[in-house]
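Participant: Sequence and predicted structure, then a few things I'm wondering about:
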Amino acid sequence: MSFTRIAQKIGVSTATVSERVKRLMNSGIICGYTTILNTSEMGMVTLIAKIKTRQGYSVEDVGKEIAAMKESCCVHHVTGKFDLVVIAKCAGYDKCGGIIEELKRIEGVESVDAELVLKTLKEELKVEM
């Protein structure tokens, strides 16, 4: 939505909206702008991997290495049986096996439990407040 449209909706000037957005960006709340693609329509497959790290390894360091993979979209440090949950996008089902094997080869990864998404019912990055 344009700054002008936002300004009209909330009853302030475009300059006010621009300044507020600039402050939100400087504070790290707004991290950037992007195009959101329907990856399913592009033939991409979503891979969800739950990862257990080896004793003595930093979960955060392992997570950062996974985050550096071009296929990874989200890497979450979580509670429960696993340490990390990774969401990755594969260029077709046949490529997912290679990504799983790549995850297993990362130093500090004890195990990988992976699922392939058959159909996405909802996938959004926007947050309603």
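Facilitator: Sure thing, it's come through. Numbers count the residues shown, from 1 in each chain.

Participant: use CA for all of it now, contacts and neighbours both
Facilitator: Noted.

Participant: what residue ranges in this structure score low on pLDDT?
Facilitator: Within the chain, the segments meeting pLDDT under 70 span 129.

Participant: where along it do the helices fall?
Facilitator: All helices of the chain, identified by DSSP state H, fall at 3-10, 14-26, 59-67, 93-105.

Participant: could I get those helices as CSV with distance to L84 and mean neighbour count?
Facilitator: As requested, those are arranged in CSV below (distance: least, Cα to Cα, whole Å; neighbours: other Cα atoms under 10 Å):
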stretch, distance to L84, mean neighbour count
helix 3-10, 37, 13
helix 14-26, 27, 14
helix 59-67, 7, 17
helix 93-105, 12, 15
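
Participant: Ok, which of these comes nearest D83?
Facilitator: The closest of the helices of the chain to D83 is helix 59-67. By Cα to Cα, the value is 6.8 Å.

Participant: one step back: could I get the helices of the chain as TSV with distance to H77?
Facilitator: Below are the helices of the chain laid out as TSV (distance: least, Cα to Cα, whole Å):
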stretch	distance to H77
helix 3-10	34
helix 14-26	24
helix 59-67	7
helix 93-105	15
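
Participant: For S40, which of those helices is the nearest?
Facilitator: Nearest to S40 among the helices of the chain is helix 93-105 (11.5 Å), distances taken as Cα to Cα.
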